[in-house]
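> I would like the atomic coordinates for the input below:
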Amino acid sequence: MLQLVSVSMNKCLSVLLLSVGLCGVAAASLSQRIQKIADPHKVAEYSVSIVEPNSRAVVYSYNPHKPLIPASNMKLVTTAAALKHLRPSFEYRTRVGLNNGTLVVIGSGDPILGDKETDGKYGRQAGWIFERIVQALQERGVSEINDIVIDTTVFDDERVHPSWDPRQLNRWYACEVCGLNYNVNCIELTTINQGGTVTVQVDPRTTFVEILNQVEAVASGDSAVGSYRTAQPNKITVFGKCKTKDGPFKVAIEKPAAFFGFLLAEHLARSGIAAKGRLIEGAFCEDEGFQPLADFVTPLADVLNRANTDSLGLAAEALLKTIDAQDNLDHTNGGWAGGREAIGRFLTNLGVPAEEFVIDDGSGLSRQNRLTTNLITRLLLDQYHGANWGLFRVSLAVGGEEGTIDRYFNEPRYQGKIHGKTGYISGVRAFSGICFTDGGPYLFSILSNGPKGLSRDGINDIAKAIIDEYRDGN
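Numbers count the residues shown, from 1 in each chain. Now for the predicted structure:
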């Protein structure tokens, strides 16, 4: 009997050693594939980490502890921290009510209130929020109101991050962050050449912005249009050449709460409800005179999806500030400083050394952020083995199917098998996520900085190499 047990144990040991040996062979082969793509003698300032999540084994790494600018891979950290701090059941709730003839809107920091992408997902028409408010007022027989008060105190008053490039603040990805956001704090501009005269259409239709039209009508040649801000808030110059039609393209506005309030007043007027007072942005102290009219609710999952699938910077920055606000006793005054501290604690609790990260903003637009690929794969491991993995995974873009990588990985062998988060700012490229291979899942993180860094094609080829390495028949 003892001899039989001994033989059985030896067989198990042989199987185990064989498994380890095969893993080593696969890792060596993967290393060769990656080195053909990213030759360290030709490419500078990059880092790669690849982990088999079930065994937690590192199957490949290069400079895994080197802190690099992560660009939008910072959103992975922010969204994971939000899931931890806010919990999956968290909802943004924007409240509207009447108080002694004053129309009150209490912002929740919801970054995708009135967002076209999200509204389209639920079959909601543009302007539906204002229509619901109008309907609620009409049902109560209200034909006029006094002031419109917008309470944005859920966040602090710092709407623009100090590290962001001032030249990019009119871009959609650098829009202001406010306690009340609407339409991702942007307008859309479209130029149309009709018989040699160029008109500029603004969506949503509003007089909140003033457009200086300097677009030249052309019959041939290049046609391209852009815009820039002037010294006067929300006075926007549109320039370029228009042959037939250009746009729509997004332009970030200033003072988002006032933008919402102005649109609301315009909708009320068109519906026959007069707003006779002022538009006020300030704290509202709710009392027994407050009569609720409507609540607008956004689940956390929708915000995670816009942050990771579509790389919406506003979603990530609002999550960071929301983390801070929820940590405060009165759930107000969320800011970048407190959000950074909370995310830092989250990473430290994962066991990540302090020297492997610098947190400056939530979206990765700041060039002051630093992460390592070791940190990112460790974070992905924590999510993979945690209760929220399903929610986190579906927030990622899917190769060849949706989000920022829908135009990549279209070949049948890769399509739908690579889920991840891209990253790009000048001189920085990043990609991290999970590959679902024939041999099982593999977590990966790739960061590249500098003019001699990896190209987008090179980074994508590393993800493809993971799929290829663990294909059946290899």
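
> in this structure, which spans are helices?
If DSSP state H is used as the criterion, the helices of the chain fall at 2-37, 74-86, 116-121, 128-139, 256-270, 300-308, 313-327, 336-349, 373-384, 389-393, 456-469.

> Any chance of these in CSV with mean neighbour count and mean pLDDT as columns?
To be clear about C-beta, it is placed using only N, CA and C from the backbone, and glycine gets the same treatment. Supplementary listing: these in CSV, determined by neighbours: other Cβ atoms under 10 Å; pLDDT from 0 to 100:
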stretch, mean neighbour count, mean pLDDT
helix 2-37, 12, 53
helix 74-86, 25, 98
helix 116-121, 15, 97
helix 128-139, 17, 98
helix 256-270, 21, 97
helix 300-308, 25, 98
helix 313-327, 26, 98
helix 336-349, 18, 98
helix 373-384, 23, 98
helix 389-393, 17, 98
helix 456-469, 20, 97
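
> export those helices to TSV and tack on distance to residue 405?
Output for the helices of the chain, formatted as TSV (distance: least, Cβ to Cβ, whole Å):
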stretch	distance to residue 405
helix 2-37	17
helix 74-86	14
helix 116-121	16
helix 128-139	30
helix 256-270	29
helix 300-308	11
helix 313-327	17
helix 336-349	25
helix 373-384	16
helix 389-393	14
helix 456-469	8
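
> Relative to residue 450, which of the ones you listed is closest?
Across those, the minimum distance to residue 450, taken as Cβ to Cβ, is reached by helix 456-469, at 13.3 Å.

> As CSV, could you dump the C-alpha coordinates of that closest one?
Taking only C-alpha atoms (Å, rounded to 0.1, in the frame of the first residue of the first chain), the coordinates of helix 456-469 have been written out as CSV:
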residue,chain,number,x,y,z
ARG,A,456,0.3,52.0,-31.6
ASP,A,457,0.8,49.2,-34.1
GLY,A,458,3.7,47.8,-32.0
ILE,A,459,1.6,47.9,-28.8
ASN,A,460,-1.3,46.2,-30.5
ASP,A,461,1.1,43.6,-31.9
ILE,A,462,2.2,42.6,-28.4
ALA,A,463,-1.5,42.0,-27.5
LYS,A,464,-1.8,39.9,-30.6
ALA,A,465,1.3,38.0,-29.7
ILE,A,466,-0.3,36.9,-26.5
ILE,A,467,-3.3,35.5,-28.4
ASP,A,468,-1.0,33.8,-31.0
GLU,A,469,1.3,32.3,-28.3
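
> Which elements pack onto it?
Taking 3 or more Cβ pairs under 8 Å, 6 or more residues apart in numbering; DSSP states H and E as contact, the helices and strands that helix 456-469 lies on are helix 2-37, strand 418-425, strand 428-437, strand 440-449.

> can you give me how far stretch 287-299 is from the chain middle?
Once both centres are worked out by Cα atoms, centre = their mean, to the nearest Å, stretch 287-299 turns out to sit 27 Å from its chain's centre.

> Revised request: answer the last question for stretch 212-230.
A distance of 30 Å separates the C-alpha centroid of stretch 212-230 from that of its chain, computed with Cα atoms, centre = their mean.

> Show me which positions of that stretch end up buried.
By neighbour count, with 16 or more other Cβ atoms under 10 Å as the criterion, the buried positions of stretch 212-230 are 215, 217-218, 223, 225, 227, 229.

> what distance separates the start and the end of it?
Between the opening and closing residues of stretch 212-230 there is a gap of 10 Å (Cα to Cα, to the nearest Å).

> With stretch 128-147 instead?
Counting by Cα to Cα, you get 22 Å between the two ends of stretch 128-147.

> who's in contact with that stretch?
Identification of contacts with stretch 128-147 by Cβ atoms under 8 Å, 6 or more residues apart in numbering yields 96, 98, 100-103, 113-114, 119, 125, 182, 263-264, 267-268, 271-280, 291, 293-294, 296.

> One more: stretch 416-423?
Contact with stretch 416-423 is made by 70-76, 308, 311, 364, 393, 396-401, 404-405, 409, 429-437, 444, 447, 463-464, 467, as judged by Cβ under 8 Å, 6+ apart.

> do that again at 7 Å, thanks
Contact partners of stretch 416-423, identified using Cβ atoms under 7 Å, 6 or more residues apart in numbering, comprise 70-73, 75-76, 308, 311, 364, 393, 396-401, 404-405, 409, 429-436, 463, 467.

> Alpha carbons of that stretch, as CSV, please.
Coordinates of each C-alpha in stretch 416-423 appear next as CSV, following Å, rounded to 0.1, in the frame of the first residue of the first chain:
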residue,chain,number,x,y,z
GLY,A,416,-13.7,40.0,-29.3
LYS,A,417,-10.8,38.4,-27.5
ILE,A,418,-8.9,41.5,-26.4
HIS,A,419,-10.5,43.7,-23.8
GLY,A,420,-8.7,46.8,-22.6
LYS,A,421,-8.1,50.4,-22.0
THR,A,422,-6.0,52.5,-24.5
GLY,A,423,-4.1,55.6,-23.6
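
> for the record, mean pLDDT for it?
Stretch 416-423 comes out with an average pLDDT of 98.
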